[in-house]
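In: Predicted structure and sequence below. I'll ask about it afterward.
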Amino acid sequence: MAQTTPNHTQIVSGWAAHDPSGKITPFIFKRRENGINDVTIKILYCGICHTDLHQARNDWGITMYPIVPGHEITGLVMKVGSNVKNFSVGDRVGVGCLAATCLECDFCKESQENYCEDLQFTYNGVFWDGSITYGGYSKMLVADHRYVVHIPENLPMDAAAPLLCAGVTVFTPFRDHDLHKTPGKKIGVVGLGGLGHVAVKFGKAFGHHVTVISTSPSKEEEAKGHLGADDFIVSTDDQQMQRGKRSLDFILNTVSAKHCLGPLLELLKVNGTMVVVGAPDQPFTLPSFPLIFGKRAVKGSVIGGMEETREMMELCGKHNITCDIELTTPDKINQAFDRVAKNDVRYRFVIDVANSPAAAAFDDDQIYSSL
């Protein structure tokens, strides 16, 4: 396995972690030449996902150092390959979690590339040529056009960036259950963070009655007053949970901490479904009685395929949905990581790559000279 190949000739400035301390520092590396199926993208913004923190610190034991994180990328197309027909120079585009898949399995053919067994991610993956993938904490990216989407003109590029991960992660369960087309349901969103706040926005845009379920009573004003949720249940309040029994058609569970699913399942109507998109580092507790006595289902979902990502972006443009963000700069990524670890952000950090002082120190003509 090689970090680069002889085709990697483009010098790029970025920011990387080099060891399990997870400390992010400036990093110069090389990207591949723009191939016939590629687009070269000048990165403007990149969101900070909690996954970036886990990967930088090798929490999951799979990190290949040095690692350049970032899979919530927006930018401008600088060059297109000869086989690329759906993108042009100057287009506003985004890149999410996917860098490569086999393109031949049933999942790829059905645009469920996120379940391909040969899936490789935008960073800390291994591309088709054997090189390690580097992500969006950098000035430029070369991406296969099949994993790139257009960003609607009416959406700001900074607040649209987290949609490439957080947005599609919560949109896909809505789409799987036709909730983007069948308004009037009662849905619950468990957790009001980077994923949950976008889920509330989708739920309201699609015409549903939305209940936020949280352990934090202090989030009720935010949920209702700012995000437009209809109801709020404090999950540690037995009386509120009792009143909410059998009231919801669908629950999206975004929580990434260990918790028991039983009381939440009791909030579902008979035949209701809970979809889990959070990833706790310890197993859930799942009692059987709330399942069998309510004919309820618990499912999982991870990000989304490219068709789902394109549809999600189009609907975000139609309904003017973006993420609530806090802009930061590359020199403050480590402070942002510390705050993400403490859930101290409303609701997503986004790195201003193009306008950062560190990025400005590199000459674009030099970086793109090989184009």
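Out: Happy to help now that I have it. Numbers count the residues shown, from 1 in each chain.
In: contacting residues for the residue nearest to Met312 when sequence neighbours are not counted?
Out: If the residues on either side of it in the chain are set aside, Met312 comes closest to Phe171, at 4.2 Å by C-beta to C-beta, 6 or more residues apart in numbering. Every C-beta, even on glycine, is put in place using the N, C-alpha and C of the backbone. Going by C-beta atoms under 8 Å, 6 or more residues apart in numbering, Phe171 touches His180, Phe202, Gly304, Glu308, Glu311, Met312, Leu315.
In: Going by neighbour count, which residues of the helix or strand harbouring Phe171 are buried?
Out: Phe171 belongs to helix 166-176 when assigned by DSSP states H and E. Buried residues in helix 166-176, counted by 16 or more other C-beta atoms under 10 Å: Ala166, Gly167, Val168, Thr169, Val170, Phe171, Thr172, Pro173, Phe174, Arg175.
In: OK, contacts around the residue lying closest to Pro283 once chain neighbours are set aside?
Out: Spatial nearest neighbour of Pro283, excluding adjacent residues (C-beta to C-beta, 6+ apart): Lys258 at 7.4 Å. Taking C-beta under 8 Å, 6+ apart, we find Lys258 in contact with Pro280, Asp281, Gln282, Pro283, Phe284, Thr285.
In: do you know how far Lys258 is from Asp331?
Out: 34 Å (C-beta to C-beta, to the nearest Å).
In: Met157 now?
Out: The gap separating Met157 from Asp331 is 21 Å, by C-beta to C-beta.
In: now swap in Gly207 and tell me
Out: 43 Å.
In: contacting residues for the residue nearest the centre of the chain?
Out: The residue lying closest to the centre of the chain (C-alpha atoms, centre = their mean) is Cys165, at 1.4 Å. By C-beta under 8 Å, 6+ apart, the contact set of Cys165 is Gly47, Cys49, Thr51, His71, Glu72, Gly96, Cys97, Ile303.
In: for the residues you listed, which one is nearest Val148?
Out: Of all the contacts of Cys165, the one sitting nearest Val148 is Gly96; the distance, using C-beta to C-beta, is 9.1 Å.
In: helix/strand/coil for Thr9?
Out: strand (DSSP: H, G, I helix; E, B strand; the rest coil).
In: Now Ala99: which helix or strand?
Out: strand 98-100.
In: Give the pairing partners of that strand; include direction for each.
Out: If you go by DSSP bridges, strand 98-100 pairs up with strand 120-121 (antiparallel).
In: distance between the partner strand and the chain's centre?
Out: Using C-alpha atoms, centre = their mean, to the nearest Å, the mean C-alpha position of strand 120-121 is found 14 Å from that of the whole chain.
In: same check, this time on stretch 41-61
Out: 10 Å.
In: do stretch 76-85 as well
Out: With C-alpha atoms, centre = their mean, you get 24 Å for stretch 76-85.
In: which residues are in contact with that stretch?
Out: 34-42, 44, 87-93, 140, 145, 368, 371.
In: Run through the strands of the stretch 1-150 of the chain in chain order.
Out: 8-17, 24-32, 38-48, 73-80, 92-95, 98-100, 120-121, 140-144, 148-150 (DSSP state E, counting those that start in this stretch).
In: Quote the end-to-end distance of stretch 72-85.
Out: 23 Å (C-alpha to C-alpha, to the nearest Å).
In: what mean pLDDT would you report for the strand holding Ala99?
Out: Taken as a whole, strand 98-100 has a mean pLDDT of 97.
In: same deal with stretch 285-292?
Out: Across stretch 285-292, the average pLDDT comes to 95.
In: Now that stretch: buried residues?
Out: Pro290, Leu291.
In: List the contacts of Ser356.
Out: Thr329, Pro330, Asp331.
In: Quick check: the farthest pair among the contacts of Lys258?
Out: Asp281 and Thr285 (14.3 Å).
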